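# my questions concern the predicted model and sequence given below.
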Amino acid sequence: MPSTLSSINITFLGTASAQPSSTRNHSSLALRLGGDVWLFDCGEATQHQVQRSSVKMGKIRKVFITHTHGDHIFGLLPLMASSMNGAGGTVEGVEDARTQGQTENSEPLEIYGPLGTRAYIRNGLTYTHTILGSPYVVHELRFPTDPHTEDYTQLAAHSSELPGRNISQVDGIWSNIYEDALVSVSAAPILHSVPCVGYVVIEKPVPGKMDPKQYVPHIKRTKTPMSVMSRLQRGETVTLSDGTVLEGPALRPGRKITILGDSYDPSPIAKLAENSDILIHEATNAHLPGVDPDTKPDDSYESVEARAKSRGHSTPQMAGAFATRICARRLLLNHFSARYPGDDDVDEGARRVMDAIKALAVEKFAGDVVCARDLMSVDVHFSNS
Ligand SMILES: [Zn+2]
Ligand SMILES: [Zn+2]
């Protein structure tokens, strides 16, 4: 990674809920941080979606799983097999060049997820005799009721698996599960029908905007090398030869992105997610009388909301209300029922439905709302630019 992130981009790879359709794949999105790619969830056929997008398979460095429901993880093993040069072995007595010296030089693919993520991957790779050409590691976010040491499987580690961390909550959250010079990631539980987490990616403070007119005359007058500008850009204070003190612009906050898994109530992550530039929230079910021809005659908003909640899901209004609660700037809705086709960029009927879903979220949230569709790409901008 470079010293600052030139761009942050989100590409939706799948926006369907339980059932995929011809226009929506199962859940996955790619967060591009400069040149690196981090995947959030990896539903069935995610690798096909990567190939259809501008996301580079070879750039995937990390995978964050929100929960182990199949529509969020069934695509992970095939994606690993493809991106990590997987193979099915060789017949007896033949050396497999693809597996030689695999673990020393390559950075491991880092995977984060709740209890069961490690066991699922280990069992899947072992029982399919999959050999990988590079290592991986699974760090699990353990809930207070989970075991804190065991692997949740009797199988020994896969030959490409490195020992991972089991991360316990502190004060109800998993703080800084990953951190480097540019970003940090924290996570918190969100309420669904099974243990589920949301992730918050926070860019560290970035250099403020420079106004050269404030500095250049003084630098020239004192014949100071212009290279001092880079120190000022970093926010440093510089004293010139004639005693003039130049102060670089204050650092400004980095970008903040909250990516939730399935939920009927993400309250436990609310504090951590405050003031997000982007909130990605599911909106599985909506009440759309007059727009959705499949609306049942005796349904009401209340009955649709009650049904969505009973299955661990949300309506667009619930997503909008949460975006307002955390003072988010933009709300991106995803994880839609198969009833809502995802070709609203070309189909008038689909557009009417998605516009209506967006309008329901707007009832509860005054910021920008976008209904995601597969392969939609969104740049994450600074809030003050
Ligand atoms: Zn789901
Ligand atoms: Zn789920």
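Now that the structure is in, tell me what you want to look at. A quick note: this is a predicted structure, and the numbers were derived from the prediction, not measured. Ligands and ions are numbered 1, 2, ... in the order given.
# show me what contacts the closest residue to ligand 2 within the stretch 101-250 of the chain?
Distances between the stretch 101-250 of the chain and ligand 2 by CB to the ion are smallest at residue 192, namely 5.6 Å. Using the backbone N, CA and C atoms, a C-beta is placed for each residue, glycine as well. Counting by CB atoms under 8 Å, 6 or more residues apart in numbering, residue 192 makes contact with 67, 261, 262, 263, 264, 312, 313.
# what's the closest non-adjacent residue to it?
residue 312 (4.2 Å; CB to CB, 6 or more residues apart in numbering).
# that neighbour touches residue 264, doesn't it?
Yes: with contact defined as CB atoms under 8 Å, residue 312 reaches residue 264; the gap is 5.2 Å.
# returning to that earlier point: closest to residue 111 out of the contacts of residue 192?
If you rank the contacts of residue 192 by distance to residue 111 using CB to CB, residue 67 comes first, at 13.6 Å.
# and the closest one, how many neighbours?
Residues lying near residue 67 (other CB atoms under 10 Å) number 23.
# over to the one 5 residues further on?
Burial measure for residue 72: 26 neighbouring residues, criterion other CB under 10 Å.
# for it, phi and psi?
The phi/psi pair for residue 72 (degrees, to the nearest 10) reads phi -110, psi -10.
# that one and residue 13: what is the separation?
Counting by CB to CB, to the nearest Å, the gap from residue 72 to residue 13 is 12 Å.
# so what sits against both of these two?
Residues touching both residue 72 and residue 13 by CB under 8 Å, 6+ apart: residue 28.
# hmm, back to that, joint contacts of residue 312 and residue 264?
191, 192.
# and residue 331, which of the three is it?
Following DSSP: H, G, I helix; E, B strand; the rest coil, residue 331 is assigned to strand.
# ok, it - contacts?
279, 281, 319, 320, 323, 361, 365, 367, 368, 369, 370.
# just put those in CSV and tack on neighbour count, pLDDT and secondary structure.
As requested, these are arranged in CSV below (neighbours: other CB atoms under 10 Å; pLDDT from 0 to 100; DSSP: H, G, I helix; E, B strand; the rest coil):
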residue, neighbour count, pLDDT, secondary structure
279, 29, 98, strand
281, 30, 98, strand
319, 30, 98, helix
320, 28, 98, helix
323, 28, 98, helix
361, 27, 98, helix
365, 22, 98, coil
367, 15, 96, coil
368, 13, 97, strand
369, 22, 98, strand
370, 18, 98, strand
